[in-house]
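# Have a look at this prediction, sequence included:
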Amino acid sequence: MSRPDVEELLAPGSIHTSPGGQYSFRVIGPCCRLFDREELPWPCCRLAWRSKEPSWRRVGRRFVPDLAARRCPSYAVELLQPGSRPTGTVLTLFSVRFSRGLQEWWYSRHPRSMEPGNLAPPPAEAPKNPRSPEATGVSEPG
């Protein structure tokens, strides 16, 4: 059983129920779930490592995209539970997957993805009608 592909973002301010139906949430906006490399565990005993002890000096970026969540959408949300205040958190919807184009926009490594105007993914292309003149290459008589 394959998971459905996500083609577009959830609208900010929209309210949805959780996949299990236990709570509702209001979408604040999409976000990228990051992993803090400073939280990596340190070796518990130096004698066990001897000459092959790894270097614990961090090389590269401190925050990197979380590999477990890179194929699924994450949103900043407010959990709406009856009888309690809304709670802000980050929710990753592991029950669905990104379409290829949306995943490229969400976790892109291209420098153009950091441009200020890149606030939303490009619109999803509608599937072409296989019988349309554009698909067949035959023009209709005018």
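Perfect, thanks for sending it.

# In this structure, what helix or strand scores lowest on average pLDDT?
helix 133-136 (a mean of 52; mean pLDDT, DSSP states H and E).

# quick one, what contacts the most centrally placed residue in the chain?
Centroid-nearest residue in the chain, with CA atoms, centre = their mean: Pro73, separated by 3.4 Å. The contact partners of Pro73, taken as CB atoms under 8 Å, 6 or more residues apart in numbering, are Val6, Leu9, Leu10, Pro30, Thr92, Leu93, Val96, Phe98, Leu102, Trp106. Every residue, glycine included, has its C-beta placed from N, CA and C.

# you'd agree the first one is up against Phe98?
Just to be clear, that refers to Val6. Yes: here Val6 lies in contact with Phe98, judged by CB atoms under 8 Å, at a distance of 5.5 Å.

# State the distance from the residue nearest to the centre of the chain to Glu7.
11 Å (CB to CB, to the nearest Å).

# got it, and Gly20?
The value you get for Gly20 to Glu7, if CB to CB is used, is 23 Å.

# for Tyr75, same thing?
16 Å.

# Then Glu78?
24 Å.

# And the two? Which one has more around it.
Each of Glu78 and Glu7 has its neighbours counted (other CB atoms under 10 Å); Glu78 has more, 16 against 13.

# Now the more buried one. Nearest residue, chain neighbours left out?
Spatial nearest neighbour of Glu78, chain neighbours left out: Pro86 (4.0 Å); criterion: CB to CB, 6 or more residues apart in numbering.

# Who are the contact partners of that neighbour?
Arg26, Glu78, Leu79, Leu80.

# Spell out the secondary structure type for Leu9.
coil (DSSP: H, G, I helix; E, B strand; the rest coil).
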